[in-house]
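[1] The sequence isn't on hand, but the structure is:
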């Protein structure tokens, strides 16, 4: 069971699209699959890119931007955050 990649990506995209403008800084501690889904959505990459993203454990991925235009910074170690 569990969610398919399509379902995870849709759920994460819905959450990202629902973040209100001017919300300030938000922090989410999530599994690597959620990071992959967020990066796929933020970059507009095809769903097939989900499996091509290697998300190291215990790293920081930042998405910044507004109005649906995201910038992505991947994989900084926690101690550099």
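    It's in. Just so you know, these numbers come straight off a predicted model, no measurement behind them.
[2] Tell me how many other residues crowd residue 74.
    15 (other CB atoms under 10 Å). Backbone N, C-alpha and C define where each C-beta goes, glycine included.
[3] What strands flank the one helix or strand it maps to, and is each parallel or antiparallel?
    Using DSSP states H and E, residue 74 sits within strand 69-77. Strand 69-77 sits in its sheet next to strand 59-66 (antiparallel), going by DSSP bridges.
[4] Where does the prediction get shaky in this protein?
    Under the criterion pLDDT under 70, the flagged ranges of the chain are 22-23, 66-67, 80-81.
[5] one more time with 80, if that's ok
    Residue ranges of the chain with pLDDT under 80: 1, 20-24, 66-68, 80-81.
[6] circling back: buried residues, the strand holding residue 74. List them.
    By neighbour count with 16 or more other CB atoms under 10 Å, strand 69-77 contains the buried residues residue 70.
[7] so how far is it off the chain centroid?
    Distance, stretch centre to chain centre, for strand 69-77: 9 Å (CA atoms, centre = their mean, to the nearest Å).
[8] just stretch 47-59 next, same as before
    10 Å.
[9] what comes into contact with it?
    The contact list for stretch 47-59 (CB atoms under 8 Å, 6 or more residues apart in numbering) reads 5-6, 9, 32, 35-37, 39-40, 43, 61, 74-78.
[10] which one among these gets closest to residue 24?
    residue 61 (18.0 Å; CB to CB).
[11] Tell me how many other residues crowd that closest one.
    21.
[12] Residues touching the longest helix belonging to the chain, excluding its own?
    For the chain, the longest helix by residue count, based on DSSP state H, is helix 5-18. Residues from elsewhere that reach helix 5-18 (CB under 8 Å, 6+ apart): 3, 33-34, 37-38, 40-42, 47, 50-51, 63, 68, 70.
[13] one more time with 7 Å, if that's ok
    Contacts to helix 5-18, defined as CB atoms under 7 Å, 6 or more residues apart in numbering, come from residues 33, 34, 37, 38, 40, 41, 42, 47, 50.
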